[in-house]
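In: from the sequence below, what's the structure:
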Amino acid sequence: MTQRPISSRVEAFARATAPFMRFFSESPYARKAGKPGVNDFAVGNPHELALPGIVTALRKWAVPQNERWFAYKISESEPQEVVAASLRKWRGIPFEPADIALTIAGFAAIAAGLKAVTEPGDEAIFSRPPWFFYEVLCVEAGITPVKVNTVPVTFDLDLDAISAAITPRTRVVIVNTPNNPTGRIYPPETLRGLARLLEDASRKNGRAIYILSDEPYSRIVFDGRPFHSPTAYYANTLLAYSYGKVLLSPGQRIGFLALPPTMPNREEMRRNIMLTQLAGAGLWPNALLQHALADLDVLSIDIAHLQRKRDRMVEALRSMGYEVHVPEGTFYLLPKSPWADDEAFCELLGEHDILVLPGTVTEIPGYFRISLTANDEMIDRGLPGFAKAMETAKAHESRVVER
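Out: Prediction:
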């Protein structure tokens, strides 16, 4: 008798996360991360001590002010007001406290947003290259992920591709801006075009198609660029945010899912999100992080320093012969691999104690991602290794690797 898996659902999770899990179990990162002298450009982890303000806030708010200080929490009114006021000031959109659902970072915000508006069998569209967890979150929610390509070179949303992918089962379009891994900030003309497209498709389908706007890097933008959110252009938009990026403290898990005032049926949507958080095993952040949010919301890593690291890396890598896409936001670079097999080239970089993320992990083969959260010392040590790897690649330009 053929042995069947314990859970076919978990097997579907395994398929959706296979490249990511392989990276963390079989790559140079799996073998070398955290070892002395290794230059870790692979993921957006901190490589310096936390912002002093984070430590001060957590110490301050860890002292109980009443007997219910560490009681069960859902979305508390004080941090809801903090987020709403911050968004009103920053975005110029009159968000209301009751429309803010505090979540366990952006991960839970996306999960709650998907489930709050979908039925099993619905479809969610998102663009390649995507954040590597969109697919598994869709699978877990019982909805079908539908992937489309972006515009070549610019990495802008391909509205024609999105339009062609819409069916009567389409319920959500996930938009990630600034985009991880490309760093693209989608411009107003793109977002207006997407809004018109989805308004027309919603009327044709007889039910709303929602945008789930994933914006954890929206405060990390370069060159004085403005940030544009779909919430300013399309009424049926849910905004997902995480504080882990701007604070560079991804292990402190707090974020939110916000409804703009243009959202129809807001009372029902608030209820849907709350019940989804409950059914998801309590997708609310812990008491301490909610208490501290007023102090955390005003903090940020040094964006100017990030931009200097970006500029230094782009200039250095280009001088070595790399083709590098310059990000408008986030803290990533996306160079093109000199070999078609990006995983093989990342192995070569690993031989020089340089850890990066292969493009295959984020469905953009032929590229690799560099995290600018690497500290200056790592950049100093790593640049010669990037140069040596390019020299090796040029010496083997005809290399073809079959996988």
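In: what comes into contact with stretch 31-47?
Out: 29, 245, 248-250, 331-332, 350, 353-357, 369-375, 378-379, 381-382, 385 (C-beta atoms under 8 Å, 6 or more residues apart in numbering). C-beta here means a position set from N, CA and C on the backbone, and glycine is covered the same way.
In: switch the cut-off to 7 Å
Out: 29, 245, 248-250, 331, 350, 353-357, 370-371, 373-375, 378, 381-382, 385 (C-beta atoms under 7 Å, 6 or more residues apart in numbering).
In: what is the rounded mean pLDDT of that stretch?
Out: For stretch 31-47, mean pLDDT rounds to 96.
In: can you list the domains in this structure?
Out: With domains defined by automatic domain parsing, the chain comprises 8-50+301-395, 66-296.
In: in the chain, which spans are strands?
Out: Secondary structure of the chain (DSSP state E): strands at 39-40, 100-103, 123-128, 144-149, 170-176, 210-214, 237-242, 255-258, 324-325, 332-335, 354-355, 357-358, 368-371.
In: residue 58: which of the domains of the chain is closest?
Out: domain 66-296 (5.8 Å; C-beta to C-beta).
In: for the closest one, the averaged confidence score.
Out: Mean per-residue pLDDT for domain 66-296: 97.
In: now it, how far from the chain's geometric center?
Out: Remark: domain 66-296 is offset 10 Å from the chain centroid, using C-alpha atoms, centre = their mean, to the nearest Å.
In: stretch 35-55 too?
Out: Distance, centroid of stretch 35-55 to centroid of chain: 18 Å (C-alpha atoms, centre = their mean).
In: can you put the domains of the chain in CSV and add mean neighbour count?
Out: Shown next, in CSV, are those (neighbours: other C-beta atoms under 10 Å):
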stretch, mean neighbour count
domain 8-50+301-395, 18
domain 66-296, 19
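In: which one of the ones you listed lies closest to residue 56?
Out: Between the domains of the chain, domain 66-296 lies closest to residue 56; by C-beta to C-beta that is 7.5 Å.
In: just the endpoints, please. Distance across that closest one?
Out: Counting by C-alpha to C-alpha, to the nearest Å, you get 21 Å between the two ends of domain 66-296.
In: same thing with stretch 60-67?
Out: 16 Å.
In: in that stretch, which residues are buried?
Out: residue 61 (16 or more other C-beta atoms under 10 Å).
In: list the contacts of that stretch.
Out: 70, 288, 291, 292.
In: still on that earlier bit, mind listing which of the contacts of stretch 31-47 are in helices?
Out: Under the assignment DSSP state H, those contribute 29, 350, 378, 381, 382, 385 to helices.
In: and the residue nearest to the fourth one when sequence neighbours are not counted, how far is that from residue 302?
Out: The spatial neighbour of residue 381 that comes closest, neighbours along the chain excluded (C-beta to C-beta, 6 or more residues apart in numbering), is residue 39 at 5.3 Å. Separation of residue 39 from residue 302 (C-beta to C-beta, to the nearest Å) stands at 20 Å.
In: which of the domains of the chain sits closest to residue 57?
Out: So among the domains of the chain, domain 66-296 is nearest, using C-beta to C-beta, at 3.8 Å.
In: looking at the contacts of stretch 60-67, spot the one nearest residue 90.
Out: The closest of those, once distances to residue 90 are taken by C-beta to C-beta, is residue 292, at 19.4 Å.
In: how about the contacts made by that closest one?
Out: Here residue 292 is in contact with 57, 58, 61 (criterion: C-beta under 7 Å, 6+ apart).
In: shouldn't the first one be in contact with residue 296?
Out: The reference is to residue 57. Yes - counting by C-beta atoms under 7 Å, residue 57 touches residue 296, with 5.6 Å between them.
In: just the pLDDT for residue 395.
Out: At residue 395, pLDDT is 89.
In: repeat for the one 3 residues further on
Out: Residue-level confidence at residue 398 comes out at 48, pLDDT.
In: quick revisit: mark which of the contacts of residue 292 are part of helices, please.
Out: Using DSSP H, the contacts of residue 292 in helices are 57, 58, 61.
In: please tabulate these in TSV, including the columns distance to residue 138 and pLDDT.
Out: Formatted as TSV, the ones in helices among the contacts of residue 292 follow (distance: C-beta to C-beta, whole Å; pLDDT from 0 to 100):
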residue	distance to residue 138	pLDDT
57	35	98
58	34	98
61	35	98
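In: dump these into CSV; add distance to residue 363 as well.
Out: Output for those, formatted as CSV (distance: C-beta to C-beta, whole Å):
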residue, distance to residue 363
57, 37
58, 36
61, 40
